[in-house]
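**Student:** have a look; sequence and predicted model below, questions after that.
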Amino acid sequence: MKKLLYIGNELENRGGAPTSIDKLSPLLRNEGFEVKTSSSHKNQVLRLSDMLTSIIKNKAWVDYVLIDTYSTRNFWFAVLTAQLCRNLQIDYILLLHGGELPLRLKKDPQLSASLFKNAKMNIAPSRYLFDIFQKAGYANLKYIPNSIFLKDYPFKPRKVLKPKLLWVRAFAEIYNPILALQVLEKLLKEFPAAELCMVGPEKDDSYKECVNYAKKNKLPVKFTGKLSKSEWIALSEGYDIFLNTTNVDNTPVSLIEAMALGLPIVSTTVGGIPYLLRNEETGILVPSDGESAMLSAIKELLINQDLSKKLCRNARRQAEKFDWEIVKKDWKDVFLGRLY
């Protein structure tokens, strides 16, 4: 079986939000692949150093180096580790995660060409990024969606929705968590029983901003911090509407999970979201700066129960396509040479 070295930000055990390397590496091991990972250092300089050292140490052992590829500061991790792979003549596969990677293609065309065209394969977890890269002239592409274990997500039909809102994401400015609080504040004027639960670890000052805003305006908000998958799935049974407020995104697993659980979704329509959710078919999409539009969408779900039920049924059927038992076949095709 193939030997894989997975390069990414392996920070879940250090309090960070789980990323692709945390989720995918154990799944690949269970399928019989030998997988080593790097790196779990919190310090970015030490993490990069560990990534580069791991590639050098394993150059004679590894068949493929997998590299999680983001679009902001961590983009440079991919650039440097991929360059080292080329110098050592090691095949590398890029896993495209960054919601701003399309901007990278435009801003840094030469650097992007060096990175992406020399990859053995670029794996796009969304049709959105697949289309963007294809239009930019890249042929070494494969679409493999993020996956879940569908059996872990019990579908709960919600007969009568209550104004109980759930938000699940890392607290980071690009995910615009303050929007959820602003919407709740307006919703309370017509639905005084409304409440919000926000689940996720702290990544930047947006967490403190949200806590202070909730206190200042005396909003009924519960901040749980980071929860395990099983904990937030159990928590979700007490909530009726899922909010996604992000300004930049690709294909967030949290949305796929909400779809599987039967939570009607109101989401901003950015990045890859419109490729995942169809407006008024599997969710309701609103502009990223659309506080009033998000508020109106929530009210519509609370009033129009037929629409809510339709969205939930359709979303669950869509989520079934992301089951690991289906998705794992695509990964095996990549590593075992059945690429096309």
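**Tutor:** Right, received. Where do you want to start?

**Student:** in a strand, Ile93, correct?
**Tutor:** Yes. Assessed by DSSP: H, G, I helix; E, B strand; the rest coil, Ile93 belongs to a strand.

**Student:** break the protein down into its structural domains.
**Tutor:** 3-147+323-335, 150-321 (automatic domain parsing).

**Student:** flag the shaky bits of this structure, pLDDT-wise.
**Tutor:** Within the chain, the ranges that satisfy pLDDT under 70 run 14-16, 338-340.

**Student:** ok, the residue nearest to the spatial centre of it - contacts?
**Tutor:** Residue closest to the average C-alpha location in the chain (Cα atoms, centre = their mean): Pro252, at 2.8 Å. With Cβ atoms under 8 Å, 6 or more residues apart in numbering as the criterion, the residues that contact Pro252 are 169, 244, 246, 273. For glycine as for every other residue, the C-beta is placed from the backbone atoms N, C-alpha and C.

**Student:** Leu141 pairs with what?
**Tutor:** Using DSSP bridges, the bridge partners assigned to Leu141 are Asn122.

**Student:** number of nearby residues for it?
**Tutor:** Number of residues near Leu141 (other Cβ atoms under 10 Å) recorded here: 18.

**Student:** quick one: contacts for it?
**Tutor:** By Cβ under 8 Å, 6+ apart, the neighbours of Leu141 are 121-122, 124, 130, 133-134.

**Student:** in JSON lines: those residues, plus neighbour count and distance to Ile55.
**Tutor:** JSON lines is the format used below for the contacts of Leu141 (neighbours: other Cβ atoms under 10 Å; distance: Cβ to Cβ, whole Å):
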{"residue": "Met121", "neighbour count": "19", "distance to Ile55": "18"}
{"residue": "Asn122", "neighbour count": "22", "distance to Ile55": "19"}
{"residue": "Ala124", "neighbour count": "27", "distance to Ile55": "23"}
{"residue": "Phe130", "neighbour count": "21", "distance to Ile55": "27"}
{"residue": "Phe133", "neighbour count": "21", "distance to Ile55": "24"}
{"residue": "Gln134", "neighbour count": "14", "distance to Ile55": "28"}
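
**Student:** which one among the residues you listed gets closest to Asp333?
**Tutor:** For these, the closest approach to Asp333 (Cβ to Cβ) belongs to Met121, at 10.2 Å.

**Student:** any idea what the spatially closest residue to that closest one that is not a sequence neighbour is bridged to?
**Tutor:** Ranked by Cβ to Cβ, 6 or more residues apart in numbering and with sequence neighbours excluded, the top spatial neighbour of Met121 is Ile93, at 4.9 Å. Going by DSSP bridges, Ile93 is paired in beta bridges with Leu66, Met121.

**Student:** I'd say Ile93 and Ala124 touch.
**Tutor:** No. Applying Cβ atoms under 8 Å as the test, Ile93 and Ala124 come out as separate, 11.7 Å apart.

**Student:** the strands in the stretch 101-250 of the chain, which residues?
**Tutor:** When secondary structure is read from DSSP state E, counting those that start in this stretch, the stretch 101-250 of the chain shows strands at 121-124, 141-143, 164-168, 195-199, 221-225, 241-244.

**Student:** so which of these comes closest to Ile326?
**Tutor:** When these are compared by Cβ to Cβ, strand 141-143 sits nearest Ile326, at 13.0 Å.

**Student:** quick one: distance of the closest one to the chain centre.
**Tutor:** Distance of strand 141-143 from its chain centroid, counting by Cα atoms, centre = their mean, to the nearest Å, is 17 Å.

**Student:** equivalent analysis for stretch 317-328, please.
**Tutor:** Its chain's C-alpha centre and that of stretch 317-328 lie 15 Å apart, by Cα atoms, centre = their mean.

**Student:** now the helices for the stretch 1-150 of the chain?
**Tutor:** Remark: helices assigned in the stretch 1-150 of the chain by DSSP state H, counting those that start in this stretch are 20-30, 44-57, 75-87, 101-107, 109-117, 127-135.

**Student:** Leu302 is nearest to which of those helices?
**Tutor:** Nearest to Leu302, of all those, is helix 127-135, at 29.8 Å by Cβ to Cβ.

**Student:** any chance you could list what contacts the closest one?
**Tutor:** Identification of contacts with helix 127-135 by Cβ under 8 Å, 6+ apart yields 96, 101-102, 105, 116, 122, 124, 141, 143, 250-251, 271-272, 274-275.

**Student:** can you rerun that using 7 Å?
**Tutor:** Residues outside helix 127-135 that contact it (Cβ atoms under 7 Å, 6 or more residues apart in numbering): 96, 101-102, 122, 124, 141, 143, 250, 271-272, 275.

**Student:** having no further points to raise, I will conclude here.
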